Each structure stands twice: as C-alpha cells, then as structure tokens.
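A.B. asks: for reference, the sequence and a predicted model appear below.
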Amino acid sequence: MSTPTTLRAPGVAILFDAATPPAVGHTTWNQITRLGEFKGHPQGAFAITRETNAELVANFRATANGRVPADYEHLSEVLPENAAQEGVPAVAWVVAVEDRGDDGAWGAFEWVDAQAVEYVRTKRYLYLSPAIHFDATHRESGEANGARLTSVAPTNHPLLAGTAPLAVQFDGTGSTDGDG
C-alpha cells in the first residue's frame, strides 16, 4: 500500500493515494447557465431567460443519446486542425439537465477523464462555458425547437461570469466541492 500524498491548492489540502489516479465514473452537478443579458459575445448579444433554460432542459430530454460532451475550451465546437488525428475527446458527459429557477440551468456531469478531475481539484480549471444553439431545429423533424445545449467547456474565461465554480467531487452535504 502506498503512502497518501498531499497536493496543495491555495489554502486547501487534497489527499489521495499517489498510486491511484483521480477517480472517474462519478457524477457531480454543475451550474451551466445563469439568467441575464450578455452583450459582449463575438457572435452577438443574447439573453438567458427562464424560457431559455426550459428549452435547454426539454431539448436535452428529447435527445436520443441523452448526453452532451464537456471538452476543454469548446474544442468540439471549433474542431482544431488536428481533430482527425488527435480527436476531441470528452472529459465528462452531461447526463442530465435541470432548471433551478433563479439559479439557472444545472447539469449532472459524469466524469470520464482523470486529468480533468485533477485539473478541477487543483483549481487549474474553475468554470464552465455552455455552447448553446439558440435557434435550433430538431435534427429529425426539422421543426424549430428553441435553445439546445451542444456542449460545455471547462474554462478559466467564462462569458457567463458569476456562475458557481466547477466541482468534481460530492461533499456529502448536498452540495459539490471543487476542492475534493
């Protein structure tokens, strides 16, 4: 049995067995949106309203796959030049979305990448950024169906500033703790 190693983020000790990588396969809830108007996006101004969040939830529930990828800095949205060789793997999967009223939309994240868990635990990534197609159409019927979440991205530059910090571990008290 190996001796536990202490890693430090500012003011927080994190203990885990040095021989064991950070856990994957667990699920935590993270804030995806917050209500408000956002005028500084390069593609134009938009608003996230209660109606937007309701559409996000409904469209998520209507998907056949029941998952939306989380990848670093929206790489799956822009497909880098090396995507064919390197891929754009998910670091987590959003497996549920719920509307929490004034607290915005939240997603259940199933963590699948140990490095991503480590990055969040050590505060190398602190926030999320949603990719939302506001005027989406249903992929099979072609009918307009409002806002659809296409991916989320761990980032340190969220446009939706003021959301809860990213969490990778459930603390047992009914909330999540990004510090592990």
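C.D. replies: Ah, there it is. Source: prediction; values computed, not measured.
A.B. asks: phi, psi of the closest residue to Leu126 other than its chain neighbours?
C.D. replies: Excluding the flanking residues, the one nearest Leu126 by CB to CB, 6 or more residues apart in numbering is Pro165, at 5.2 Å. For glycine as for every other residue, the C-beta is placed from the backbone atoms N, C-alpha and C. Dihedral pair for Pro165: phi -60, psi 150, per degrees, to the nearest 10.
A.B. asks: what's the neighbour count on Pro165?
C.D. replies: 16 (other CB atoms under 10 Å).
A.B. asks: can you mark which positions in stretch 59-66 are buried?
C.D. replies: Buried residues in stretch 59-66, defined by neighbour count with 16 or more other CB atoms under 10 Å: 59-60.
A.B. asks: ignore what I typed, I meant stretch 91-107.
C.D. replies: 91-94, 96-97, 99, 104-107.
A.B. asks: any idea how far it is from the middle of the chain?
C.D. replies: A distance of 8 Å separates the centroid of the chain from that of stretch 91-107, by CA atoms, centre = their mean, to the nearest Å.
A.B. asks: so for that stretch, mean pLDDT?
C.D. replies: Averaging pLDDT along stretch 91-107 yields 96.
A.B. asks: how about stretch 27-34?
C.D. replies: 94.
A.B. asks: same question for it: list its buried residues.
C.D. replies: Using 16+ other CB under 10 Å, the residues of stretch 27-34 that count as buried are 27-34.
A.B. asks: and what of stretch 114-126?
C.D. replies: Within stretch 114-126, judged by 16+ other CB under 10 Å, the buried ones are 116-123, 125-126.
A.B. asks: heading C-terminal from the helix or strand harbouring Thr52, find the next helix or strand.
C.D. replies: For Thr52, the element it lies in under DSSP states H and E is helix 50-61. Using DSSP H and E, the helix or strand that follows helix 50-61 towards the C-terminus is strand 68-70.
A.B. asks: could you give the backbone dihedrals for the residue nearest the centre of the chain?
C.D. replies: For the chain, the residue nearest the mean C-alpha position is Val152 (4.5 Å; CA atoms, centre = their mean). Note on Val152: backbone dihedrals following degrees, to the nearest 10 are phi -130, psi 150.
A.B. asks: tally of neighbours for the closest residue to it other than its chain neighbours?
C.D. replies: In space, and not counting its chain neighbours, Val152 is closest to Ala70: 4.7 Å by CB to CB, 6+ apart. Ala70 is flanked by 28 other residues according to other CB under 10 Å.
A.B. asks: what bridges to Ala70?
C.D. replies: Taking DSSP bridges as the rule, Ala70 bridges to Ala92, Val152.
A.B. asks: OK, contacts around the residue nearest to the centre of the chain?
C.D. replies: Contact partners of Val152, counting by CB atoms under 8 Å, 6 or more residues apart in numbering, are 32, 68-70, 94, 107, 128-131.
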